[in-house]
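Peer 1: Provided below are the primary sequence and the corresponding predicted coordinates.
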Amino acid sequence: MKKVLIFGVGGFVGSYISREFLDHGYEVYGSDKVKNSMLPKTVCFKNADLLNFSSVEELIAEVNPAIIINLAAVSSVGISWKIPQMTISVNVVGALNILEAAKKTNCKAKIMFVGSSEEYAKTDNVIDEGCELDANNPYGISKIAQEYFAKLYKKQYGMKIYYARSFNHTGVGQKDSFVLSSWCKQVAEIDKSGKAGKIQVGNLAVQRDFSHVKDIVRAYRMIVESDNSEKIYNIGSGKAHRLDKILQYIIHLSNQKITIEVDPSRIRPSDQPIICCDHSLITKELGWKPEYSVFDALKEMFNEYKK
């Protein structure tokens, strides 16, 4: 049975990708500072700090995995503005620790890093993999740096390194510091109260491409299982929704009267008007396409918060 080692398994995506690999016959090892309560019990969890090189090196040597996936990241654009130093440390130095540890231990694993749509330059057009990289926030810049180091190690040391640029994704278990999870939580709390309420929001005029997290982790598995590590794939739904329309959908899940109030602190210093994914490359080459919509995820999240 092949082993997969997932760094950052304690985060939102960790439990989903663990199930994805378990369901496809892998032995799954997960590493993080804290164990996620949603993590399947059959995952072999190991406490490790990605910024501690010795810890990373020892873990890779111990597990000797066939696949390594790095999900560990400061993954919120908003938070990256508040802690840019930590964003670079975790997203770039953490990735380098994995690369160096794999090289030093002579580990022959396929290694996958996860990039972001935030790497791309501002554009009103649908984004494909050939679009210019020119991030306008600390998170996006950190992901570009991670990608360049992945390319360097692949070229210099012949390592099999895979890279994907995923667009926004959501689902049950995502922190409420992210916009859709925050809205679902606020609306569910108002609904449970049995009386009218007010919801705090940021910029509603932008359009975003949101995927269900289950579609995203399926794409990660399909990419790292493929033979060609030279391609970089976009992963997204291919549909951009206005945030005000998404908010109205969430509000309509409640039976209570809800008013909307803009909170200036929730508006980012730099916000791209529209972000939409062209996923035609991964669809054509690997046969991946979305099986869920963002509205499936929203309903699941709202119901979970109501519990």
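Peer 2: Yep, that arrived. Treat the numbers as computed from the prediction; the structure is a model and nothing was measured.
Peer 1: where do the helices sit along the stretch 101-250 of the chain?
Peer 2: 138-157, 179-193, 213-225, 243-251 (DSSP state H, counting those that start in this stretch).
Peer 1: ok, and what's touching the shortest one?
Peer 2: The list of residues contacting helix 243-251 from outside it, by Cβ atoms under 8 Å, 6 or more residues apart in numbering, reads 179-180, 183-184, 187, 199, 201, 203-208, 210, 258, 260, 294-295, 298, 302. Yep, even glycine has a C-beta here, placed from its N, CA and C like the rest.
Peer 1: let's see it at 6 Å
Peer 2: W183, C184, V187, L204, V206, I258, L298 (Cβ atoms under 6 Å, 6 or more residues apart in numbering).
Peer 1: now what about the next helix or strand after it, what contacts it?
Peer 2: The C-terminal neighbour of helix 243-251 among helices and strands, as given by DSSP states H and E, is strand 258-262. With contact meaning Cβ under 6 Å, 6+ apart, strand 258-262 is reached by I190, G197, K198, I199, Q200, V201, I251.
Peer 1: if you set the cut-off to 7 Å instead, what comes out?
Peer 2: V187, I190, A196, G197, K198, I199, Q200, V201, I251 (Cβ atoms under 7 Å, 6 or more residues apart in numbering).
Peer 1: Stretch 23-35 too?
Peer 2: Contacting residues not belonging to stretch 23-35 are listed as 1-10, 14, 18, 21-22, 39, 43-49, 59, 63, 65, 221 [Cβ under 7 Å, 6+ apart].
Peer 1: List the buried residues in that stretch.
Peer 2: For stretch 23-35, a neighbour-count test (16 or more other Cβ atoms under 10 Å) marks Y26, E27, V28, Y29, G30, S31, D32 as buried.
Peer 1: Okay, the residue of the chain positioned farthest from its centre and Q256: tell me how far apart.
Peer 2: In the chain, counting by Cα atoms, centre = their mean, K195 sits farthest out from the average C-alpha position, at 34.8 Å. Per Cβ to Cβ, to the nearest Å, K195 is found 6 Å from Q256.
Peer 1: With A150 instead?
Peer 2: From A150 over to Q256 (counting by Cβ to Cβ), the distance is 48 Å.
Peer 1: before we move on, back to that, buried ones among the contacts of helix 243-251?
Peer 2: W183, C184, V187, V206, I258, L298.
Peer 1: Closest to I88 out of those?
Peer 2: V206 (25.5 Å; Cβ to Cβ).
Peer 1: Tell me which residues touch the closest one, please.
Peer 2: Contacts of V206 (Cβ under 7 Å, 6+ apart): L243, D271, Q272, P273, I274.
Peer 1: Correct me if wrong: the second one contacts N203.
Peer 2: Spelled out, that is D271. Yes: taking contacts as Cβ atoms under 7 Å, D271 lies within contact range of N203: 5.5 Å.
Peer 1: number of nearby residues for the residue nearest to N52 when sequence neighbours are not counted?
Peer 2: Ranked by Cβ to Cβ, 6 or more residues apart in numbering and with sequence neighbours excluded, the top spatial neighbour of N52 is N97, at 7.9 Å. The local packing count at N97 equals 23, with neighbours defined by other Cβ atoms under 10 Å.
Peer 1: Name the SS class of N97, please.
Peer 2: helix (DSSP: H, G, I helix; E, B strand; the rest coil).
Peer 1: Now do it against K299, distance only.
Peer 2: 39 Å.
Peer 1: Low-confidence ranges, the stretch 1-150 of the chain, go.
Peer 2: For the stretch 1-150 of the chain, no stretch has pLDDT under 70.
Peer 1: neighbours around K108, how many?
Peer 2: Count around K108 with other Cβ under 10 Å applied: 11.
Peer 1: And it, its phi and psi?
Peer 2: phi -100, psi 20 (degrees, to the nearest 10).
Peer 1: that older thread, could the helices of the stretch 101-250 of the chain go into CSV alongside distance to S265?
Peer 2: What follows is the helices of the stretch 101-250 of the chain, written out as CSV (distance: least, Cβ to Cβ, whole Å):
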stretch, distance to S265
helix 138-157, 18
helix 179-193, 12
helix 213-225, 27
helix 243-251, 17
